[in-house]
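Peer 1: pasting the structure only:
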Ligand code: SAM
Ligand code: DTB
Ligand code: SF4
């Protein structure tokens, strides 16, 4: 049998200094290289040892500030550097955000994630967001925000307002970062992730595949996430949504089996994290999504919209869960 589990002793690592790694890129590459059935078997063993394999968590996204972002992330329709035809929208009023959260809760979501197209929030921007967090928390939902880089003290303010999760992706492998984004470095991302951790907020951190990267780069992305001192509680794995006008619009799509392998590698290397099958679901068949759940994905973005692009309709997701006997929460 070629199902030997690659285990590595856990050393005392810091999230503040990325090296040395608990999972090396080579070790994750070895997982990727397994025969598909062996990789899936291993992922399922890990999944079942840590979770109810028939349960999937649902988070609903809302773009609370849209477009006009000063960053040049090559995948993003919201960057001011590219013309994607997106209509800009200033920060939404708190009552509109609360109404959207109420709707998401009624549809069955347990977490509400507020996303803003900022490099980072100015203090005057943060104040209304704190109010949103308090109000959404008061609905009895888990709260999540993704606002870009945080300044000193901002994470504590979010924590005090009741923020449960902060989403801040490392997006790609360290060696790929400069190809995709020039307006910041990946170390900027680690700096914010450390602030979030230090404030006692759960970390939601993942990346995007299908950006023309090599398998080795995908393995490096997973190894980097898995090697954080405390791996992220939520790991969104996004399949690039190729938006016309962005520099990555014409990238060749990733082989669907390679995407499933990425989910399986995330599951194996981050056994107790929720692995979220994230952007790109609208373009996936029900069968491919089912394979991702078998590979260990146990969370989704739920609702007809991601931030600016589409997501499967709620009714389609619920029908899929019924057909698969998945308990959504
Ligand atoms: N501006 C903040 C930031 O970048 O951290 C928060 C919002 S940003 C849109 C959140 C995440 O969405 C990015 O880190 C990236 O992983 C993901 N994302 C953006 N555009 C995407 C696309 N076209 N396809 C897949 N994921 C995308
Ligand atoms: C994440 O990892 N994916 C979500 C969420 N975190 C904020 C965003 C996906 C965005 C896809 C493109 C768009 O809708 O603008
Ligand atoms: Fe701005 Fe975030 Fe989009 Fe980058 S991913 S351009 S930081 S909104």
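Peer 2: That came through, no problem. This is a predicted model, so every value here is computed, not measured. Ligands and ions are numbered 1, 2, ... in the order given.
Peer 1: next, the buried residues of the strand or helix carrying residue 157.
Peer 2: Element membership of residue 157, judged by DSSP states H and E, is helix 154-161. Buried residues in helix 154-161, counted by 16 or more other CB atoms under 10 Å: 154-155, 157-159, 161. C-beta here means a position set from N, CA and C on the backbone, and glycine is covered the same way.
Peer 1: between those residues, which is nearest ligand 2?
Peer 2: Proximity of the buried residues of helix 154-161 to ligand 2 (CB to the nearest ligand atom) peaks at residue 158, which lies at 15.5 Å.
Peer 1: who touches that closest one in this structure?
Peer 2: For residue 158, the contacting residues are 126, 129-130, 133, 145, 150, 166, 199, 201, by CB atoms under 8 Å, 6 or more residues apart in numbering.
Peer 1: with distance to ligand 1 added, can I get those in a markdown table?
Peer 2: Formatted as a markdown table, the contacts of residue 158 follow (distance: CB to the nearest ligand atom, whole Å):
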| residue | distance to ligand 1 |
| --- | --- |
| 126 | 14 |
| 129 | 12 |
| 130 | 17 |
| 133 | 15 |
| 145 | 9 |
| 150 | 10 |
| 166 | 10 |
| 199 | 17 |
| 201 | 14 |
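Peer 1: among the residues you listed, which ones are in helices?
Peer 2: 126, 129-130, 133 (DSSP state H).
Peer 1: CSV please, covering these and showing pLDDT, neighbour count and distance to residue 82.
Peer 2: Listed next are these as CSV, based on pLDDT from 0 to 100; neighbours: other CB atoms under 10 Å; distance: CB to CB, whole Å:
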residue, pLDDT, neighbour count, distance to residue 82
126, 98, 23, 26
129, 98, 25, 25
130, 98, 19, 31
133, 98, 25, 30
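Peer 1: okay, the residues you listed in TSV with distance to ligand 2 next?
Peer 2: Output for those, formatted as TSV (distance: CB to the nearest ligand atom, whole Å):
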residue	distance to ligand 2
126	18
129	14
130	19
133	15
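Peer 1: quick one: name the residues of the stretch 51-200 of the chain near ligand 3.
Peer 2: Counting by CB under 6 Å from any ligand atom, the positions of the stretch 51-200 of the chain adjacent to ligand 3 are 69, 71, 73, 76, 78-79, 117, 119, 148.
Peer 1: which stretches of the stretch 201-329 of the chain form helices?
Peer 2: Here the stretch 201-329 of the chain has its helices, by DSSP state H, counting those that start in this stretch, at 215-226, 256-269, 286-294, 314-324.
Peer 1: and residue 186, how many neighbours?
Peer 2: The local packing of residue 186 (other CB atoms under 10 Å) involves 20 other residues.
Peer 1: my guess is it contacts residue 169. True?
Peer 2: No: between residue 186 and residue 169 there is no contact under CB atoms under 8 Å: 10.3 Å.
Peer 1: any residues in contact with both of the two?
Peer 2: Common contacts of residue 186 and residue 169 (CB under 8 Å, 6+ apart): none found.
Peer 1: how about the stretch 201-329 of the chain: which residue is closest to ligand 3?
Peer 2: With CB to the nearest ligand atom as the measure, residue 307 is the residue of the stretch 201-329 of the chain nearest to ligand 3, at 7.9 Å.
Peer 1: also the stretch 101-250 of the chain?
Peer 2: Residue nearest to ligand 3 within the stretch 101-250 of the chain: residue 117 (3.8 Å; CB to the nearest ligand atom).
Peer 1: longest strand in the protein, by residue count?
Peer 2: Longest strand in the chain by number of residues (criterion: DSSP state E): strand 55-65.
Peer 1: that strand: how far from the chain's middle?
Peer 2: On the basis of CA atoms, centre = their mean, to the nearest Å, strand 55-65 is displaced by 10 Å from the centre of the chain it belongs to.
Peer 1: now swap in stretch 71-90 and tell me
Peer 2: That offset, for stretch 71-90, works out to 19 Å (CA atoms, centre = their mean).
Peer 1: can it be said to contact ligand 2?
Peer 2: Yes: applying CB under 6 Å from any ligand atom, one finds stretch 71-90 touching ligand 2 at residue 77.
Peer 1: ok, residue 57 touching residue 108?
Peer 2: No: Residue 57 is not in contact with residue 108 according to CB under 8 Å; the separation is 10.7 Å.
Peer 1: pLDDT of stretch 223-235, averaged?
Peer 2: Stretch 223-235 carries an average pLDDT of 97.
Peer 1: in that stretch, what's buried?
Peer 2: Buried residues in stretch 223-235, counted by 16+ other CB under 10 Å: 223-228, 231-235.
Peer 1: same question, stretch 135-150
Peer 2: Along stretch 135-150, these residues count as buried under the neighbour rule (16+ other CB under 10 Å): 135-137, 141-150.
Peer 1: list the contacts of stretch 280-287.
Peer 2: Contacts with stretch 280-287, where a contact means CB under 8 Å, 6+ apart, come from 210, 238-241, 256, 259, 289, 292, 300-301, 309-312, 320, 323.
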